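# the following comprises the amino acid sequence and a computationally predicted model.
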Number of protein chains: 2
Amino acid sequence: MAGGTPSSGIAIVGSGVAGLHLALLLQQQAIPVTLYSDQTAAQLASGRMLNTVAHHNTTVKREEALGVDHWDLAEYGYFCHHHYIGGPQPLSFPGAFGAPSRAIDYRVYLPRLLADFQERGGDFRAGHLVIPEEIVRLSEQYDLVVVATGKGGTSAMFPVIPGKSPYSRPMRRLSAGLYHGIAPSEPKGVTMSIAPPHGELLEIPTFSANGHVTVLLFENVPGGDTEILADAKYDEDPAAFEQLVLEKVRTHHPEVFARIDTARFRLTGPNDLLQGAVTPVLREDYAILPNGRVVMALGDAHSVVDPVVGQGANSASYSAWELGQVITEDQNFDERFAQKVAARRANRVRAISDWTNLMIGLPPAPHLLQLLGAMSQNPAVADEFTNNFNQPERQWDILATPERTAAFLARHGM
Amino acid sequence: MAGGTPSSGIAIVGSGVAGLHLALLLQQQAIPVTLYSDQTAAQLASGRMLNTVAHHNTTVKREEALGVDHWDLAEYGYFCHHHYIGGPQPLSFPGAFGAPSRAIDYRVYLPRLLADFQERGGDFRAGHLVIPEEIVRLSEQYDLVVVATGKGGTSAMFPVIPGKSPYSRPMRRLSAGLYHGIAPSEPKGVTMSIAPPHGELLEIPTFSANGHVTVLLFENVPGGDTEILADAKYDEDPAAFEQLVLEKVRTHHPEVFARIDTARFRLTGPNDLLQGAVTPVLREDYAILPNGRVVMALGDAHSVVDPVVGQGANSASYSAWELGQVITEDQNFDERFAQKVAARRANRVRAISDWTNLMIGLPPAPHLLQLLGAMSQNPAVADEFTNNFNQPERQWDILATPERTAAFLARHGM
């Protein structure tokens, strides 16, 4: 950006999945686009694990359309969810996808898409963290600026929507790592293992720089028995950390534990662990700068969700796609444009936020427990819930109120 | 409704185009529906002219889908707009539709569709004007009540949206009549004749119980030279009234006058005249009753627009269609349902309201005059404006701001 000359087209700040999918879409439509990132491709490829992300098939379909579907689903995909709910009478049941999902470590995924963008002639400017003051400058150089990162304080340009951001603090403390030594489930799928009242374990078959490995994402309720996993220091004593993880899996998540070869079990590397927490927030879709220019929010600048149902990246990709469609239709980047984008993506993005927030609510909502119980009894119900990871607005159609859940179960004869 | 027993399904109050299109759509989907009207089919067929309505091709397409496309476009359709703008240097230019529009007197149209509905087994209950208190009772008998009429005070159940209802009084006083003695334009089309600063004349080839006749819809600016047409009493002296109309057409609308056979010129009947005025208003899409039930607004209960660009009936039909689609997808009639309907139809319904309100603004907005001037110079611009009568949200994309109009004209090399 330093020394940039007056330009035109679209500036995208942030090279995560939202920024890259939008950049690739605009490039495909021959709309001039410049992609800014604080990190180079090499920096994106190395360093600490960025997140633990699954792309559901609706997102895979977008990757096909963008020509970046590089990982054959037969090898890299997964096909179902395995559910385990602990308690005096544990429940165990699958839910099938109509079409596969796929999890690729973003240190592999993002650099590959960035290479696609650059090989196709894309303008990528890396190595500088854009701050809000620079957004104003960019807004005068470009026809439109899209903020697609939560970094640099730029999110704060977009006001929080209060009613859609019900939690003032994280509801889970997270410990996510990549591990060797866990055999895939059969059929290959994600295991969602719930240990009331301590939290959840998401076990995700993932491809990383180390090949086919396994994400263990612990969603720990503050004060619960597994919370320590969000605090324990791997670097101080790797073996002790791995033993602690094993112990918690053995105690709370027996179906996952049964697939662990304890002799081979280890973190795939010191950078392959992420501990932290997320306060979910939904922000306004756009801001109007004092200079009158419209700036659009995308990805983490727009919506941050807990990873418990794996919707964040899918929301970001969807949201980028809808923004890109409106850009191809209407290049008057004024408030009407911004409101069209907002209206177009509202139903899904808000459903993702609402559904995810319901999933991490404490205590769990009775109608959510009712639905989980019904899933254990009725495969059609479990499959519909599972498929709705692709269409979260349909999930929210089922879960928005107890009456809706009852009506849904009635349709299934329950 | 008197003596109605507890029932289920959808109750539609109002048998205008909105109520009928929705009723026919739900009937097609085998969703139980009951249609209430204050008038019988015989009453709808007789009496004073209800309005002067053109159905643009997007509405005709809905009629095809509903199996009520009874009027062959080759005979009953029209194919373009003829524009005339008076002044020291009059402008005259056409604009072509990609697909024909059609105008049928609603005293022919509505009874025919009502017969379709009843012949297909529809439940029609006529002869009683439903008032707000009865809406509450209906809401407890049916799964959902849709208010699709402005009569009976039921509109007031839905709050006015202030920013979208900018006028507190009518901007035009109307005189609409059906006439013999006017030869169709060539190609057959609607003539939009503008006589600044007095108002507009819309001349519409229409089919009525008297065969192929012509609507003259005078849109009279209060205080202008044609305002008297909204007050003159036909019944007191029919010949004097017709002479007055002729005189105003001769003075202000020469291209229409040139097609009048003054010897044959006359109103087609004493009931074929409507004088009045419209205060445009956009209301909320739904209301939640004290008993917790959701009631949806449709047609005149939702949006009332001046007839100057012939959008009211098309808006009502579109809005009914979108409501019907959501009903087929989600039969949980709660606030989430209502918000989905609102989001789905907002862009078009609001664009219709905004565009129409711009057209009747006084003095005319400079960018509207700029567009009309450009239309007179560039047939592609005139055709796009004309076709956008089918997609009013695209019209508003062009007219929402002076900058948008300038960008649109720049795309046309102007």
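Noted; the coordinates are in hand. Numbers count the residues shown, from 1 in each chain, chains lettered A, B, ... in the order given.
# and the stretch 251-400 of chain A, which residues reach chain B?
Contact residues, the stretch 251-400 of chain A versus chain B (C-beta under 8 Å from any C-beta of the partner chain): A:330, A:331, A:332, A:334, A:336, A:340, A:343, A:346, A:347, A:396, A:397, A:400. C-beta here means a position set from N, CA and C on the backbone, and glycine is covered the same way.
# ok, how many other residues are close to the first one?
I take that to be residue A:330. Residues within reach of residue A:330, counting by other C-beta atoms under 10 Å in any protein chain shown, total 18.
# correct me, but it touches residue B:397?
Yes - under the criterion of C-beta atoms under 8 Å, residue A:330 makes contact with residue B:397 at 5.7 Å.
# of the residues of the stretch 251-400 of chain A next to chain B, which is the nearest to residue A:178?
Distance ranking of these against residue A:178, using C-beta to C-beta, places residue A:396 first at 31.0 Å.
# quick check, that closest one in a helix?
Yes - judged by DSSP: H, G, I helix; E, B strand; the rest coil, residue A:396 forms part of a helix.
# outline the domain layout of chain A.
Described in terms of automatic domain parsing, the domain architecture of chain A consists of the residue ranges A:10-54+A:103-167+A:279-359, A:173-277, A:366-411.
# now tabulate the ones you listed in CSV and tack on distance to residue B:271 and mean pLDDT.
Formatted as CSV, the entries for the domains of chain A read as follows, by distance: least, C-beta to C-beta, whole Å; pLDDT from 0 to 100:
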stretch, distance to residue B:271, mean pLDDT
domain A:10-54+A:103-167+A:279-359, 43, 96
domain A:173-277, 69, 98
domain A:366-411, 48, 98
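# mind listing the helices for the stretch 251-400 of chain A?
A:254-257, A:312-329, A:335-359, A:366-377, A:379-387, A:392-399 (DSSP state H, counting those that start in this stretch).
# got those helices as a markdown table, with mean neighbour count and distance to residue A:103 columns?
As requested, these are arranged in a markdown table below (neighbours: other C-beta atoms under 10 Å in any protein chain shown; distance: least, C-beta to C-beta, whole Å):
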| stretch | mean neighbour count | distance to residue A:103 |
| --- | --- | --- |
| helix A:254-257 | 18 | 16 |
| helix A:312-329 | 23 | 10 |
| helix A:335-359 | 21 | 18 |
| helix A:366-377 | 17 | 22 |
| helix A:379-387 | 20 | 15 |
| helix A:392-399 | 23 | 18 |
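# a markdown table for the ones you listed, including distance to residue B:207?
A markdown table is the format used below for the helices of the stretch 251-400 of chain A (distance: least, C-beta to C-beta, whole Å):
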| stretch | distance to residue B:207 |
| --- | --- |
| helix A:254-257 | 71 |
| helix A:312-329 | 36 |
| helix A:335-359 | 37 |
| helix A:366-377 | 55 |
| helix A:379-387 | 49 |
| helix A:392-399 | 43 |
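# any idea how far the most centrally placed residue in chain A is from chain B?
Within chain A, the residue whose C-alpha comes closest to the C-alpha centroid is residue A:312; the distance, by C-alpha atoms, centre = their mean, is 2.6 Å. As for residue A:312, its distance to chain B is 22 Å (criterion: C-beta to the nearest C-beta, to the nearest Å).
# great, nothing more from me.
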